[in-house]
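Chemist: Fold the stuff below for me.
(chains A and B, ligands or ions: 2)
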Amino acid sequence: MTNPHWQSDAAAKRISRRNAAERRFKLLGLGAIVLSLSFLALLLFIMLKNGLGGLDWSFLSGTDSTDPDTAGVWGATKGSLLTMFVTLLLSFPMGVLAAIYLEEFAPKNRWIDLVEVSINNLAAVPSIIFGLLGLAVFINTLDMPRSSPLVGGLTLALMTMPVIVISGRNAIKAVPPSIRDAALAVGASKVQTVFHHVLPLALPGILTGTIIGMARALGETAPLLMIGMRAFVVTPPGGVTDPSSVLPMQIFLWSDEIDTGFVQNTSAAIIVLLVFLLAMNGLAIYLRNKFEVRW
Amino acid sequence: MTETKLTARNVDVYYGPKKAIDNVSIDIDNGIVTAFIGPSGCGKSTFLRSLNRMNDTIADARVTGEILLDGEDIYAASMDPVALRARVGMVFQKPNPFPKSIYENVAYGPRIHGLAASKADMDAIVESALTKAGLWEEVKDRLSDAGTALSGGQQQRLCIARAIAVSPEVILMDEPCSALDPIATAKIEELIDELKENYAIVIVTHSMQQAARVSQRTAFFHLGNLVEYGETSEIFTNPREVKTKDYITGRYG
Ligand SMILES: Nc1ncnc2c1ncn2[C@@H]1O[C@H](COP(=O)(O)OP(=O)(O)OP(=O)(O)O)[C@@H](O)[C@H]1O
Ligand SMILES: [Mg+2]
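Modeler: Numbering: from 1, shown residues only, chains lettered A, B, ... in the order given. Ligands and ions are numbered 1, 2, ... in the order given. Next comes the predicted model:
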């Protein structure tokens, strides 16, 4: 027999109220998504409309110029690639090692807490400050070449490393402790346990975090202003020590030009940058799926 | 005829300031199964984990007193905890196979200890461990499948195979059947009975019937103390202590 409670008017009203609340919530969520997506669509539409016409081979293979018709984006693209290369080479191993140490090996004491707080804060420091730091340390003190992808990459690595440390720690934390117990109980050492079992399981998360950090570094302009990567460079950099620009900087410089011919160039360069970013995010998804272990 | 394999002398275990094991002394013999029973939270797992220094992984856990394996102090500076754990294996309450192939699960231990000189050696070790664990027939055609894709009971037998693949001298089992159905439990009990010929086996269990079925000696723990230790048949039919009697007759627990 059904409990009469469920047939009463009050119960019916309560249930219908609950359903209405549920519908309202769904609608609200949908609204939020539509709003943000429509901004993105608008941006894409304007960029494609303005920039698509300028996106040809000579634009993709040319370098910066005072003439909008001959100016191209290859110099800045190559600068971005070299800069990202330096950033990744430095921040990935350092970030992963720091994450492993903090999660698996560090003693639990006040010093480690302090390190933890510092790293979290570091991730929130405005990027221009890193630019000043790069200027002071790499250029003025260590005498590295100004405007070079080397200095740009080092500066961005400082910014990216905390992001990798934080995402790496979360990924390592998410590996079930029972896996560590299992490895230790057959006589694996701590280091073997971490490198044979914990790290492979944490890798998808670490890689995702790394790519997000790298994507942020790729779009960064402010710190690179400080270290002189806004120079007008007509030859693409041959190596990491040659003066160079980067994509977002090129966009910034062109958007500042008076010649209206550069409007198209600006939009076209934005398209190139967005394609770059999309490719990186695609890579993140691919790597995550490839290394994901289900259990 | 039995001989003492593990000896604990006046062992205390602390978690920070909290004492979880209080002055426990016990001799654990080779060739038999020793059961640890007692109410939840009385320190069975804590004591078990101190026998192969798994407690080292808990930051604030501290062990005092003496634990001897074949007369050697396992907490001595000269004792390498990694080598110790290869000699004193452990099976956990929840089956925890590596998210790798069945073969790899068993081969991992022998590989890191260099127990196999060739692929053929390794194959032989894996087959023998899986056979001893009573799993070989069920998995021999799918050794490259994920260990985590097995059923719960099969996973636990895989974990036992993994533990015996490194040829330990002692096997510690912390409620190995608590996540299993009666049929899988029966299989594992059978297995424990066969394995005891070659190892000293310690099993923690909440099931009186299980303790009575598989063990020859039983230790009853209560609030961190070892209340009573003796022949299983004695403990269950004629306990000396009132607390033991109350516990095994289900008056509390
Ligand atoms: N990592 C830990 N940190 C602090 N205290 C702990 C820790 N592990 C266990 N304890 C405490 O030590 C005591 C003994 O715990 P233990 O896990 O050994 O009990 P148990 O007999 O195995 O219980 P159960 O039958 O429920 O598994 C409990 O009071 C518990 O709260
Ligand atoms: Mg326990």
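
Chemist: which residue ranges form the helices in chain A?
Modeler: All helices of chain A, identified by DSSP state H, fall at A:9-51, A:57-61, A:74-100, A:110-122, A:127-134, A:149-173, A:177-185, A:190-192, A:199-218, A:222-226, A:247-255, A:261-291.

Chemist: need these in TSV with distance to chain B, mean neighbour count and mean pLDDT, can you?
Modeler: Quick note: C-beta positions are derived from backbone N, CA and C, even for glycine. Output for those, formatted as TSV (distance: least, C-beta to the nearest C-beta, whole Å; neighbours: other C-beta atoms under 10 Å in any protein chain shown; pLDDT from 0 to 100):
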stretch	distance to chain B	mean neighbour count	mean pLDDT
helix A:9-51	34	11	91
helix A:57-61	44	13	82
helix A:74-100	16	21	93
helix A:110-122	11	12	90
helix A:127-134	34	20	92
helix A:149-173	15	25	93
helix A:177-185	4	20	94
helix A:190-192	6	14	94
helix A:199-218	7	21	91
helix A:222-226	39	21	89
helix A:247-255	40	22	88
helix A:261-291	12	17	87
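
Chemist: Relative to residue B:94, tell me which of these wins on proximity.
Modeler: helix A:177-185 (6.2 Å; C-beta to C-beta).

Chemist: How far does that closest one sit from its chain's centre?
Modeler: Helix A:177-185 sits 33 Å away from the centroid of its parent chain (C-alpha atoms, centre = their mean, to the nearest Å).

Chemist: again, but for stretch B:55-62
Modeler: With C-alpha atoms, centre = their mean as the basis, the mean position of stretch B:55-62 lies at 19 Å from the chain mean.

Chemist: What's the end-to-end length of it?
Modeler: 8 Å (C-alpha to C-alpha, to the nearest Å).

Chemist: List the contacts of the residue in the stretch 51-200 of chain A positioned nearest to chain B.
Modeler: Nearest residue of the stretch 51-200 of chain A to chain B, counting by C-beta to the nearest C-beta: residue A:187, 3.2 Å away. By C-beta atoms under 8 Å, 6 or more residues apart in numbering or on different chains, residue A:187 lies in contact with B:82-87, B:109, B:112-113, B:166.

Chemist: residues near the closest residue to ligand 1 within the stretch 1-150 of chain A, how many?
Modeler: Of all residues in the stretch 1-150 of chain A, residue A:108 sits closest to ligand 1, at 12.6 Å by C-beta to the nearest ligand atom. Residue A:108 sits with 8 neighbouring residues when counted by other C-beta atoms under 10 Å in any protein chain shown.

Chemist: Residue numbers of the stretch 1-150 of chain B in contact with chain A?
Modeler: Applying C-beta under 8 Å from any C-beta of the partner chain, one finds that the stretch 1-150 of chain B approaches chain A through B:52, B:54, B:57, B:59, B:82-87, B:89-90, B:92, B:94, B:96-99, B:108-109, B:112-113, B:146, B:148.

Chemist: what sits up against stretch B:245-253?
Modeler: With C-beta under 8 Å, 6+ apart, stretch B:245-253 has contacts from B:37-40, B:208, B:220, B:222, B:235-236, B:239.

Chemist: Now render these as a markdown table, adding secondary structure, distance to residue A:156 and pLDDT.
Modeler: Converted to a markdown table, these look like this (DSSP: H, G, I helix; E, B strand; the rest coil; distance: C-beta to C-beta, whole Å; pLDDT from 0 to 100):
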| residue | secondary structure | distance to residue A:156 | pLDDT |
| --- | --- | --- | --- |
| B:37 | strand | 60 | 95 |
| B:38 | coil | 58 | 93 |
| B:39 | coil | 58 | 93 |
| B:40 | coil | 53 | 92 |
| B:208 | helix | 64 | 90 |
| B:220 | strand | 63 | 95 |
| B:222 | strand | 61 | 94 |
| B:235 | helix | 68 | 92 |
| B:236 | helix | 70 | 92 |
| B:239 | coil | 71 | 90 |
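
Chemist: for these, which one is nearest residue A:170?
Modeler: residue B:40 (32.3 Å).

Chemist: can the helices of chain A go into JSON lines with extra columns for distance to residue B:25?
Modeler: Putting the helices of chain A into JSON lines (distance: least, C-beta to C-beta, whole Å) gives the following:
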{"stretch": "helix A:9-51", "distance to residue B:25": "62"}
{"stretch": "helix A:57-61", "distance to residue B:25": "80"}
{"stretch": "helix A:74-100", "distance to residue B:25": "40"}
{"stretch": "helix A:110-122", "distance to residue B:25": "38"}
{"stretch": "helix A:127-134", "distance to residue B:25": "61"}
{"stretch": "helix A:149-173", "distance to residue B:25": "39"}
{"stretch": "helix A:177-185", "distance to residue B:25": "25"}
{"stretch": "helix A:190-192", "distance to residue B:25": "31"}
{"stretch": "helix A:199-218", "distance to residue B:25": "41"}
{"stretch": "helix A:222-226", "distance to residue B:25": "65"}
{"stretch": "helix A:247-255", "distance to residue B:25": "71"}
{"stretch": "helix A:261-291", "distance to residue B:25": "49"}
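
Chemist: can I get the ones you listed in CSV with distance to ligand 1?
Modeler: Shown next, in CSV, are those (distance: least, C-beta to the nearest ligand atom, whole Å):
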stretch, distance to ligand 1
helix A:9-51, 39
helix A:57-61, 60
helix A:74-100, 22
helix A:110-122, 19
helix A:127-134, 41
helix A:149-173, 17
helix A:177-185, 11
helix A:190-192, 18
helix A:199-218, 22
helix A:222-226, 44
helix A:247-255, 49
helix A:261-291, 31
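
Chemist: where exactly do the helices run in chain B?
Modeler: Going by DSSP H, chain B shows helices at B:44-50, B:81-87, B:102-112, B:119-132, B:136-139, B:152-164, B:182-195, B:208-214, B:232-237, B:242-248.

Chemist: nearest to residue A:228, of those?
Modeler: That would be, of the helices of chain B and by C-beta to C-beta, helix B:102-112, which comes in at 51.1 Å.

Chemist: buried residues in that closest one?
Modeler: B:102-112 (16 or more other C-beta atoms under 10 Å in any protein chain shown).
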